[in-house]
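[1] using only what follows, build the 3D model:
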Amino acid sequence: MMMLVALTSGFALSSAFRTVAAILAAPLQAEFHLSPQALGVFAGTFHFAFGAMQLFMGIGIDLYGVRRTVLTAFPLCIAGALLSAAAPGYGTLVLGQALIGVGCAPAFLVCTVFIARHFAPQRFASLSGLSMALGTLGMLFTGTPLAWLVQQWSWRTGFVVLAAMALAAWLWIWRGVHEPALGPAHGMPQESVREAVARFAALFALPHTWGIVALGAVSYAALISLRGLWLGPMLIERHGFSLVDSGNVALALSVVALCGPMVFGRINPGAATRRGWIVVCTLLMALLFVAMALVHSAWVDVACMLATGLLSGYIVLQYADVRAAYPAQLTGRAMAVFTMAMFLGVAAMQWFTGLVASLAKGRGMDPFVAVMGCIAALLALGALAFRLLPRPPQDV
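    Residues are numbered from 1 along each chain as shown. Predicted coordinates:
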């Protein structure tokens, strides 16, 4: 169990890095004169790099193991944080985000694969929920503490502190995580990299993969687009909150989001009804974004943000659904496909909502009405695709 906790420390740092934009948006816009669209590109770069690397991380985990994969990749996260802290301009800042995204790419994937390999299947949902909850602790730093650091010193100090914390996590994993030597898995001969890539691509030939990918691309993206990008700007511009006030709301959302995976992990409705729960929870989240779009009230916005954080815990049910949908020897790659869909979805949603906000602002509209309404529509479309596209064979 302590090895899983050590691995989760890397995921916690990944959670921190993916949510810095909500607090850093105002100072970055002031220093580099960024448009909402440029801010969306900054926030989305981490997630694009993170998602694009999932294929290689899934193959690395299946062929070389959890420990070697995460220890090889994570130093890039530290380098990216230091580069971001020293960035003289917007381009270098975006490059730093790309390095951080690549370095963090195996962070949660190694946790889910470790659980799938070393614990009984019936404990997968609850332990994944616990791992997600512990990983969410990283978002606590990017609430009030980061806002205070930025207000006292600068946004660059925040990146330096995150780099130091990432180094500590890497050292903990290096000292604390050990695996049995990898041999031929499940009685199969060891694959070559080419064979591994081919089997990864073969997952997309399975009809039920597409429903999983479609919903995976919007569910987590909605939470992170809110918590990691739009929360601060919306509270500051729409309701006149200070940076620390918006940091306090971000901290509260992070605490609530920490509880969500544990709640849904304990519920774990089972294969028969799990997919119904996933669809209903996605539609409920869409309604929360509709409320944030249409009701211009500070307390309603804050309440909906907190409710979104709690409800987002249902994503652990999506991981359990993926775990049950593929054979054991494809666990690493199946989780990688889902994680890739999630984080490419975050990158696309942050970029797209940045574009939507810029267009709305250019036409004299409230950009936050457009952004929240856009996220609600994407959630509804994802739920529809998940419901109508083919199901995994064991669910038929």
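[2] against Cys111, how distant is Leu127?
    As judged by Cβ to Cβ, to the nearest Å, Leu127 and Cys111 stand 9 Å apart. Glycine gets a C-beta too; all of them are placed from N, C-alpha and C.
[3] with neighbour numbers in mind, choose between the two.
    Cys111 (26 against 21; other Cβ atoms under 10 Å).
[4] what sits against that one?
    Leu4, Leu7, Thr8, Phe11, Ser128, Ser131, Gly135 (Cβ atoms under 8 Å, 6 or more residues apart in numbering).
[5] still on that earlier bit, any common contacting residues for Leu127 and Cys111?
    Joint contacts of Leu127 and Cys111 (Cβ under 8 Å, 6+ apart) are Leu4.
[6] what's the weakest-modelled helix or strand in the protein?
    None of the helices or strands of the chain scores lower by mean pLDDT, DSSP states H and E than helix 193-202, at a mean of 68.
[7] how many other residues sit next to Leu206?
    With other Cβ under 10 Å as criterion, Leu206 counts 17.
[8] do the same with His33
    9.
[9] mind checking how far the residue nearest to Phe56 when sequence neighbours are not counted is from Ala98?
    Spatial nearest neighbour of Phe56, chain neighbours left out: Ala105 (7.8 Å); criterion: Cβ to Cβ, 6 or more residues apart in numbering. Distance from Ala105 to Ala98, counting by Cβ to Cβ: 11 Å.
[10] hmm, back to that, including secondary structure, could the contacts of Cys111 go into CSV?
    Below are these laid out as CSV (DSSP: H, G, I helix; E, B strand; the rest coil):
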residue, secondary structure
Leu4, helix
Leu7, helix
Thr8, helix
Phe11, helix
Ser128, helix
Ser131, helix
Gly135, helix
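[11] where does confidence bottom out across those?
    When the contacts of Cys111 are sorted by pLDDT, the bottom entry is Ser128 at 69.
[12] tell me the mean pLDDT for the helix or strand where Arg333 lies?
    Using DSSP states H and E, Arg333 sits in helix 331-362. The average pLDDT within helix 331-362 is 83.
[13] who does it touch, helix- and strand-wise?
    Packed against helix 331-362 by the contact rule (3 or more Cβ pairs under 8 Å, 6 or more residues apart in numbering; DSSP states H and E) you find helix 36-52, helix 54-64, helix 107-118, helix 193-202, helix 208-225, helix 315-325, helix 367-388.
[14] chain center to it, what's the gap?
    Centre-to-centre, helix 331-362 and its host chain are 10 Å apart (Cα atoms, centre = their mean, to the nearest Å).
[15] could you shift the numbering so residue one becomes 873, and keep it that way?
    Sure, I'll start counting at 873 from here, so that last one is helix 1203-1234.
[16] would you indicate which residues of it are buried?
    1203-1230, 1232 (16 or more other Cβ atoms under 10 Å).
[17] again with stretch 1128-1148
    Those buried within stretch 1128-1148 under the rule 16+ other Cβ under 10 Å are Val1128, Ala1129, Leu1130, Gly1132, Pro1133, Met1134, Phe1136, Gly1137, Ile1139, Asn1140, Arg1146, Arg1147.
[18] distance-wise, check the last one relative to Pro1264.
    The gap separating Arg1147 from Pro1264 is 9 Å, by Cβ to Cβ.
[19] then Ala992?
    For Ala992, the distance to Pro1264 - Cβ to Cβ - is 20 Å.
[20] what separation do you get for Ile1108 and Ala1163?
    For Ile1108, the distance to Ala1163 - Cβ to Cβ - is 20 Å.
[21] again with Thr1211
    Between Thr1211 and Ala1163 the computed distance is 29 Å (Cβ to Cβ).
[22] equivalent analysis for Arg1147, please.
    Taken as Cβ to Cβ, the span from Arg1147 to Ala1163 is 25 Å.
[23] equivalent analysis for Ala1036, please.
    Distance from Ala1036 to Ala1163, by Cβ to Cβ: 39 Å.
[24] okay, the two: which has more neighbours?
    Taking other Cβ under 10 Å, Ala1036 and Ala1163 do not tie; Ala1163 has more neighbours (18 against 12).
[25] assign the closest residue to that one other than its chain neighbours to helix, strand or coil.
    In space, and not counting its chain neighbours, Ala1163 is closest to Cys1176: 5.1 Å by Cβ to Cβ, 6+ apart. The three-state label given to Cys1176 by three-state DSSP is helix.
[26] check contacts around Cys1176.
    Leu1160, Phe1161, Ala1163, Met1164.
[27] where neighbours are concerned, which of those has the most?
    Going by other Cβ under 10 Å, Met1164 tops the contacts of Cys1176 with 28 neighbours.
[28] now that one, nearest residue through space, not along the chain?
    Going by Cβ to Cβ, 6+ apart, Met1164 has Met1244 as its nearest residue, at 4.4 Å.
[29] in the stretch 973-1122 of the chain, where is pLDDT below threshold?
    For the stretch 973-1122 of the chain, the stretches with pLDDT under 70 are 993-994, 996-998, 1000-1001, 1051-1069, 1071-1072.
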